[in-house]
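>>> Below is the sequence, then the predicted model.
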Amino acid sequence: MEVTVKPAGYVVQLRPNERILDGFIRLGYQAPYSCRNGNWNLGTSTSIQGRAQCVAQTYGARQTINTCRAIAVEDIILNWDSVLAPNELPVSRVFCQLTDIQALDGDVFRVQLLPPAGKPVRYFAGQYALVEREDGEVAAFSIASAPHQARYLELHILARDNAPQALLAYISAQQGATLSLPHGNVHSQQLAEDKPLLLIAAGTGMAQMHSILEHYRALGAQQPIHLYWGARQEADFYHVPNMDTWLSLPNLHYHKIVSHDQNWLGRKGLLFEAICEDIPQLEQYQVVVSGSPAMVYATQDALVAAGMRPEQMLSDVFAYAPRS
């Protein structure tokens, strides 16, 4: 039987006579329940369409179902909150203590935050956090630290404009920041540990790659990793604290590309141009891109034309700024 969960949209195939909750747990979903403690309400859902059997009673549309006991007797759609897919983490809101703000050149600041004692935050490498401003609005920043560094969080904030400058001043004044995390479906759990990895970053998009690279380094991963970092001007690059360690890795291939600086003595051009020159066979790579929507889509178009399948590329841009 097929069970569809709203509002998340998950679709799950259950075995014959399998209880709904059992099927979701078997497939790696996290679903709320507390039957052993006598709290049946945590495992309940509301049927939108279809029928389920619970002991000797049949439940139809708009009826409450105990998923830990019910068996679908036909394809069914349920309104079931708080169900998390495999490799999905619950979002939490937490105030973190400021431990350091450090200038990294290029108007970028490294912000290090300490979560409350006894409440380690959970996230996957490559995800991002929403940081609350003084007015209650939020700004999204990639988490530059890696999950194994669970006792602190690191953000790389470009502060050339008034809004990020005000945010840094607010974090300094209150000696901390309120974060909502984790967010983003581009992360290490979506990547295979045995396939070549192509990481493409523009500007502070390096923060997302920083987390992914630190995660892979901690794992001792051996597959080829190609890191391309691009900027308009040489001055836009900033100091990456772990770069020297990365450059000692035998499987890492690092490239810096500048597009609009005639005084730059290194490689010039656009990121996708350099990649197409360097990697003629893109079909085997897992590709992660972080940058503006225009940069991401231009990169996707160029790499697809060079032989990459669209599904090989992951970017948060695809979720928050989809193309028609």
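Sure thing, it's come through.

>>> Can you say which helix or strand has the residue lying closest to Cys96 once chain neighbours are set aside in it?
Spatially, and ignoring its direct neighbours in sequence, Cys96 is nearest to Leu113 (3.7 Å; C-beta to C-beta, 6 or more residues apart in numbering). For every residue, glycine as well, the C-beta is placed using N, CA and C. Assigned by DSSP states H and E, Leu113 falls within strand 108-114.

>>> ok, back up a step: give me the number of residues near the residue nearest to Cys96?
By other C-beta atoms under 10 Å, 25 other residues sit near Leu113.

>>> Between strand 108-114 and the helix or strand following the strand holding Leu113, find me the angle.
Using DSSP H and E, the next helix or strand after strand 108-114 towards the C-terminus is strand 128-132. Interaxial angle of strand 128-132 relative to strand 108-114 (axes from the mean of the first three to the mean of the last three C-alpha atoms, to 10 degrees): 90 degrees.

>>> Could you shift the numbering so residue one becomes 35, and keep it that way?
With 35 as the first residue, the last one maps to strand 162-166.

>>> quick check: mean pLDDT across the following helix or strand past strand 162-166?
Sequence order places strand 172-176 as the next helix or strand after strand 162-166, per DSSP H and E. What strand 172-176 shows for mean pLDDT is 96.

>>> Same question for stretch 134-141.
In the prediction, stretch 134-141 has an average pLDDT of 94.

>>> And stretch 44-55, by the same measure?
Rounded mean pLDDT across stretch 44-55 is 90.

>>> First-to-last residue distance for that stretch?
14 Å (C-alpha to C-alpha, to the nearest Å).

>>> For that stretch, which outside residues touch it?
Contacts to stretch 44-55, defined as C-beta atoms under 8 Å, 6 or more residues apart in numbering, come from residues 35-39, 57-58, 60-61, 63, 65, 67, 77, 79, 86, 99, 101-106, 112, 117, 119.

>>> List only buried entries from these.
Neighbour counting by 16 or more other C-beta atoms under 10 Å classes 35, 37-39, 57-58, 63, 65, 67, 77, 79, 86, 99, 101-106, 112, 117, 119 among these as buried.

>>> What does the pLDDT read for the residue nearest the centre of the chain?
Nearest to the geometric centre of the chain sits Gln161, at 2.8 Å (C-alpha atoms, centre = their mean). Confidence at Gln161, expressed as pLDDT, is 95.

>>> Let me know whether it touches Phe175 as I believe.
No: at 10.8 Å, Gln161 does not count as touching Phe175 under the criterion of C-beta atoms under 8 Å.

>>> Torsion angles phi and psi at the residue nearest to Pro124 when sequence neighbours are not counted?
Nearest non-adjacent residue to Pro124, counting by C-beta to C-beta, 6+ apart: Leu118, 6.4 Å away. The phi and psi values for Leu118, taken as degrees, to the nearest 10, are phi -110, psi 140.

>>> is it true that Leu118 touches Gln64?
Yes: applying C-beta under 8 Å, one finds Leu118 in contact with Gln64, separated by 4.0 Å.

>>> which parts of stretch 137-149 are buried?
138, 140-147, 149.

>>> With stretch 187-198 instead?
Buried, per 16+ other C-beta under 10 Å, within stretch 187-198: 187-193, 198.

>>> Please work out which residues outside that stretch touch it.
Contacts for stretch 187-198 (C-beta under 8 Å, 6+ apart): 130, 138, 140-149, 155, 163, 165, 167, 173, 175-179, 199, 201-202, 213, 237-238, 240-241, 244, 272.

>>> can you check stretch 325-339 too?
Outside stretch 325-339, the residues that touch it by C-beta under 8 Å, 6+ apart are 234-237, 239, 264, 304-307, 309-310, 316, 321, 323-324, 344, 347, 349, 351-352, 355, 357.
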